[in-house]
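Below is the sequence, then the predicted model.
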Amino acid sequence: MKLVILDRDGVINQDRDDFVKSVDEWVALPRSLEAIANLTQDGWHVVVATNQSGIGRGYFDMAALNAMHEKMHRLVGQAGGRIDAIFICPHTANDKCGCRKPLPGMVHDIIERFNVRAEGLPLVGDSLRDLEAVAAVGGQPILVRTGKGEKTLAAGNLPEGTLVFDTLFDAAAHLIATC
């Protein structure tokens, strides 16, 4: 099974320093929906793994998050794609949970649920924590320059073997061409 994990904010949709808190604030990045459609049409299973500490901080609730994800599913579907599952961590860093990236808890849960191998499993993210979460299990970290990606790249210290692309569309094209 071909499976790719995508971070949400900064990869699929625009990120905000004050958190994406509502349906209106959830705005897809250019060609990100097309990228997911291309992956789907090439036989990939697409899973989103996203830290959403805005819930733990009280900035928005599960109803608002569900509404954002319903919008994302609808727009991806209209583009001809599919998101197979969304895994979230609603905790803050102070909660010290195992599911908050950079810890690999969500990645482990995805591996178990979809019965895929960790080795080489691609995760596309825009922050070091995304890359570290998949690198911890032997997966393939992929950085995009959107969202926080440029800052992440400039800071260095990327996990060994990290691939870098301008956008999710470019990363998806690479996965389709090489897998």
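Right, received. Where do you want to start? None of these values were measured; they are calculated from a predicted model. Numbers count the residues shown, from 1 in each chain.

now the helices for this structure?
32-41, 53-56, 62-78, 105-114, 128-135, 149-155, 168-178 (DSSP state H).

hang on, Thr50 packs against Ile88?
Yes - at 5.5 Å, Thr50 counts as touching Ile88 under the criterion of Cβ atoms under 8 Å. (C-beta placed from N, C-alpha, C; glycine too.)

These two: which is more packed in?
Counted by other Cβ atoms under 10 Å, Thr50 and Ile88 do not tie: Thr50 has more neighbours, with 23 against 17.

Skip the chain neighbours and tell me the closest residue to the more buried one.
In space, and not counting its chain neighbours, Thr50 is closest to Arg8: 3.9 Å by Cβ to Cβ, 6 or more residues apart in numbering.

coming back round to it: deepest-packed of the helices of the chain, please.
By mean neighbour count, with neighbours taken as mean count of other Cβ atoms under 10 Å, helix 128-135 ranks first of the helices of the chain at a mean of 25.

which other residues reach the helix or strand bottoming out on mean pLDDT in the chain?
In the chain, no helix or strand scores lower on mean pLDDT, DSSP states H and E than helix 53-56, which sits at a mean of 95. Contacting residues not belonging to helix 53-56 are listed as 19-21, 60-62, 65, 88-93, 95, 100 [Cβ atoms under 8 Å, 6 or more residues apart in numbering].

Next up, the contacts around the spatially closest residue to Leu33 that is not a sequence neighbour.
Nearest non-adjacent residue to Leu33, counting by Cβ to Cβ, 6+ apart: Ala79, 4.0 Å away. Residues near Ala79 by Cβ under 8 Å, 6+ apart: Leu33, Glu34, Ile36, Ala37.

do that again at 6 Å, thanks
By Cβ atoms under 6 Å, 6 or more residues apart in numbering, the contact set of Ala79 is Leu33, Glu34, Ala37.

residues contacting Ile5?
Ile5 makes contact with Val47, Ala49, Leu123, according to Cβ under 6 Å, 6+ apart.
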